[in-house]
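Chemist: A predicted structure for the sequence below; I have some questions about it.
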There are 2 protein chains.
Amino acid sequence: MVFRKRTRVDVAKKMFLERISPIERTEKLSIEDARGRVTAEAIVSEIDVPDHRRAAMDGYAVRADDTTGASQSNPVLIREGARCVRVHTGSPMPQETDAVVMIEDTLPGVEIRSAVHPNKHVSLIGEDVAKGDTVFGVGHRLRGCDIAMLATLGISHITVYERPTVAVIPTGSELVPRGKSTADGIRETNGLMVGLYVEKWGGIPIYRDIVVDDPDLIEKEILACQGYDAIILCGGTSVGARDYVPGAIESTGVLLVHGVALSPGKPTALGIVGDTRAHTHPTLNHDPNSNSNSNHDFNPNSNYTPTPVLSLPGYPVACLIALSEFGRPAVMRLGRIPAEPRPRLHARISAKIASKIGYVTYTRVRVADGVAHPVMTSGAGILSSVTGSDGFVIIKEELEGLDSGDPVDVVWIE
Amino acid sequence: MVFRKRTRVDVAKKMFLERISPIERTEKLSIEDARGRVTAEAIVSEIDVPDHRRAAMDGYAVRADDTTGASQSNPVLIREGARCVRVHTGSPMPQETDAVVMIEDTLPGVEIRSAVHPNKHVSLIGEDVAKGDTVFGVGHRLRGCDIAMLATLGISHITVYERPTVAVIPTGSELVPRGKSTADGIRETNGLMVGLYVEKWGGIPIYRDIVVDDPDLIEKEILACQGYDAIILCGGTSVGARDYVPGAIESTGVLLVHGVALSPGKPTALGIVGDTRAHTHPTLNHDPNSNSNSNHDFNPNSNYTPTPVLSLPGYPVACLIALSEFGRPAVMRLGRIPAEPRPRLHARISAKIASKIGYVTYTRVRVADGVAHPVMTSGAGILSSVTGSDGFVIIKEELEGLDSGDPVDVVWIE
């Protein structure tokens, strides 16, 4: 495979992500259904939490003044009444009281064996959330604890951003649908894999039918999918006679990158179709690594916002790795999912690994007792090398492989 | 709050998890719906992948013998025919050919400009998966790539373990249901929070109604929920006059632990109800840290397997932290979810943090530019201290706080 240019992974990713506009569409959900979703409205509390003073301990609500000087050796006796009331954690504080003596510091009677100052063991009005506090800004991804907070504030529904729709298009004349016999070709599985990851990253996969290796049909399919928030194609992205996808992106929009310094995953292409206004973004025009033709003038009257297009290699391992590098951040950016650290493990590598300088190289490893064992260092078509692995050791462009015993960060396979 | 014993977190967890039997129930799912689920059958391939020889490059399928000595300066001419066929990546290899010459090493004609050895650029039968290979064992959690592998093998349905059911029981006379006004008390929100995390960890939450602080009603509710795979109660777990949950566990089963060296989260209780056979497990009887009465003989004729019971503090922060420490591994063990590294980030702490020696202490932090800023180091009732945080810095029992600038591992809040 010969590519004129092999764009660095970080450069390609930046070019692609800068042209992706997070979606604006919102929907209103019951808070019970909103876990993992992203707020499209700031949440300003309309109440104080607590909204009344509460006992924070089991014991007696008292007036602090009445306990002055009380101690184990010098207990103070207070008669139960408006100024001395048995309370439990969470009980409202009686009007005339301002502190709680813990039950273990009292004897029945009521004998107070410890002095308290005002507000001792009392939850004050608004001490958790004050009326008017902004509890969540726009763009906050809701965790379980956050939903509990919304419930605490008396909020039952919340406006969140919609999940982005992603058309998943398998291409290749050799492919047959999953239910069919393989006598006539290769079973289509990349589309399903891509769709499942899109879903995991917060998107809605739209599974499209297999498109054969025909440039017109591929162009037509890309145009048909422009209304989705993103398009991911699998296969047909290399430089062979039947690799029509990058050309189809160029004909229908702008091909930003074709060929990345990623191994496996080199034949990846990135582009954008639809409204070209975004193509003339001033900070993007003069990138020397760009393959794009920013004067390209496709369909200026389109009603669609530009649709990012990711063209993935057909070899399943290359497909998965390019998807992780480019599809993951693209789907998350569309869906406004904030960046989070990924599950990873420190380990030592058990064997020397070769990698090509200038390429980001993914090595599959199994991890046992803090040691990462390389599963296989080549074979972009051998899916079992991934399914038999726990994670990836990602070797940077600057390095020429790793030595046995080197410390590594294993990124867990999602 | 006075506890006779405060069991170490690791000891308490071990005692609890050792008595939890992973569920045996299975269900058959379409592979499209099986992401994240755990295999209950070993997957042995019935086919070779590939099941026929395939070209691994675009070019000409040839017999390697016919290319002997071919080079740029000394090309070999081969007539197209049974022994020289144009192929594309993925094409079946014609019967009489055994190697592929890449298209860039040929000129039309066909002029071969590079010698190849047999099997060069050919995907061999079974090179990914051989017929009879065990691709996944029992207990494998299915990732997107694994589902693609199942599809490759022609498998459309798979037997996985069911998700464990977890009864979530809020307790407390001060609580009102979420939809109700707070004039009469405190809105119930811990139950929803617990249920959402149970779901995230692979379980099915069964939301139960609020139970008031009445020992008989709490016992009755625990017994009513014995048929679920686990029971989680919120509130009523301390040592106050209205804290009936630990006693109710003791009356209906075995109270393993009451009081753990966790801050916040100290009042946590752990127990088991149902069949007592598991209670006399020999390795567990003589733990000096155990609070349990292992001779307790509840309901020996029960048809239920023992049901783990987790009793969480009512303060929301303590509830969440005890849930993470004990509920998370319990639900995952029930559901047979293999251990995985958690999302975490290395950072430096921006301020001194105090912690009590002998306690596992959770500090809430916000992270910016690799620096972890403590949000608040006390206040088990202040949920906004969690919802305003990115993660926890977990300080071990042996340490007495951290100094400003210390390196820390921030565990991301799920």
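Modeler: Happy to help now that I have it.

Chemist: drop to CA atoms for contacts and neighbour counts, all remaining ones
Modeler: Noted.

Chemist: which residue lies nearest the spatial centre of chain A?
Modeler: For chain A, the residue sitting closest to the mean C-alpha position, by Cα atoms, centre = their mean, is A:Ile337 at 4.9 Å.

Chemist: specify the beta-bridge partners of whichever residue of chain A sits closest to chain B.
Modeler: As assessed by Cα to the nearest Cα, chain B sits closest to A:Pro343 within chain A, at 4.1 Å. Counting by DSSP bridges, A:Pro343 is bridged to B:Pro343.

Chemist: list the contacts of it.
Modeler: Contacts for A:Pro343 (Cα atoms under 8 Å, 6 or more residues apart in numbering or on different chains) come out as A:Val411, A:Trp412, B:Glu340, B:Pro341, B:Arg342, B:Pro343, B:Arg344.

Chemist: just checking, the residue nearest to the centre of chain A is part of a strand?
Modeler: No - under DSSP: H, G, I helix; E, B strand; the rest coil, A:Ile337 sits outside any strand and is assigned coil.

Chemist: so it sits against A:Val138, correct?
Modeler: No - taking contacts as Cα atoms under 8 Å, A:Ile337 lies outside contact range of A:Val138: 11.3 Å.

Chemist: okay, and the common contacts of those two?
Modeler: With Cα under 8 Å, 6+ apart, A:Ile337 and A:Val138 have common neighbours A:Val38.

Chemist: tell me where the model's unsure across chain A.
Modeler: Within chain A, the stretches with pLDDT under 70 are A:1-4, A:184, A:275-304, A:377-378.

Chemist: repeat that with 80
Modeler: A:1-5, A:181-185, A:239-241, A:275-305, A:376-379 (pLDDT under 80).

Chemist: all helices of it, in order?
Modeler: Here chain A has its helices, by DSSP state H, at A:9-18, A:144-152, A:190-200, A:215-224, A:245-252, A:316-322, A:328-334, A:384-387.

Chemist: could I get those as a markdown table with mean neighbour count?
Modeler: A markdown table is the format used below for the helices of chain A (neighbours: other Cα atoms under 10 Å in any protein chain shown):
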| stretch | mean neighbour count |
| --- | --- |
| helix A:9-18 | 18 |
| helix A:144-152 | 24 |
| helix A:190-200 | 24 |
| helix A:215-224 | 18 |
| helix A:245-252 | 22 |
| helix A:316-322 | 26 |
| helix A:328-334 | 22 |
| helix A:384-387 | 22 |
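
Chemist: what angle separates the top strand by length along chain A from helix A:9-18?
Modeler: Taking DSSP state E as the assignment, the strand of chain A that covers the most residues is strand A:360-368. Interaxial angle of strand A:360-368 relative to helix A:9-18 (axes from the mean of the first three to the mean of the last three Cα atoms, to 10 degrees): 100 degrees.

Chemist: picking up where we left off before, just put the contacts of A:Pro343 in a markdown table and tack on distance to A:Ala318.
Modeler: As requested, those are exported to a markdown table (distance: Cα to Cα, whole Å):
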| residue | distance to A:Ala318 |
| --- | --- |
| A:Val411 | 16 |
| A:Trp412 | 17 |
| B:Glu340 | 24 |
| B:Pro341 | 24 |
| B:Arg342 | 26 |
| B:Pro343 | 25 |
| B:Arg344 | 27 |
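
Chemist: which of those residues sits closest to B:Ile112?
Modeler: Nearest to B:Ile112 among those, counting by Cα to Cα, is A:Val411 at 43.0 Å.

Chemist: how is chain A partitioned into domains?
Modeler: Using automatic domain parsing, the domains assigned to chain A come out as A:9-25+A:162-334, A:26-49+A:127-161, A:54-123, A:344-412.

Chemist: straight-line length of the longest one, end to end?
Modeler: End-to-end distance for domain A:9-25+A:162-334, by Cα to Cα, to the nearest Å: 19 Å.

Chemist: what's the offset of it from the middle of its chain?
Modeler: Distance, stretch centre to chain centre, for domain A:9-25+A:162-334: 19 Å (Cα atoms, centre = their mean, to the nearest Å).

Chemist: is it in proximity to chain B?
Modeler: Yes - using Cα under 8 Å from any Cα of the partner chain, domain A:9-25+A:162-334 reaches chain B at A:174, A:178-179, A:185-190, A:192-194, A:196-197, A:240-242, A:320.

Chemist: for the shortest one, same thing?
Modeler: Yes - under the criterion of Cα under 8 Å from any Cα, domain A:26-49+A:127-161 makes contact with chain B via A:32, A:35, A:127-129, A:135, A:143-149, A:151-152, A:154, A:156.

Chemist: quick one: end-to-end distance for that domain.
Modeler: First-to-last residue span, domain A:26-49+A:127-161, Cα to Cα: 4 Å.

Chemist: for A:Asp243, give me its contacts.
Modeler: A:Asp213, A:Gly235, A:Gly236, A:Thr237.

Chemist: can you select the buried ones among the residues you listed for me in ChimeraX?
Modeler: Of the contacts of A:Asp243, the buried ones go into a single ChimeraX selection, burial set by 16 or more other Cα atoms under 10 Å in any protein chain shown:
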select /A:213,235,236,237
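
Chemist: reformat the contacts of A:Asp243 as TSV; add distance to B:Leu402.
Modeler: Shown next, in TSV, are the contacts of A:Asp243 (distance: Cα to Cα, whole Å):
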residue	distance to B:Leu402
A:Asp213	61
A:Gly235	52
A:Gly236	55
A:Thr237	53
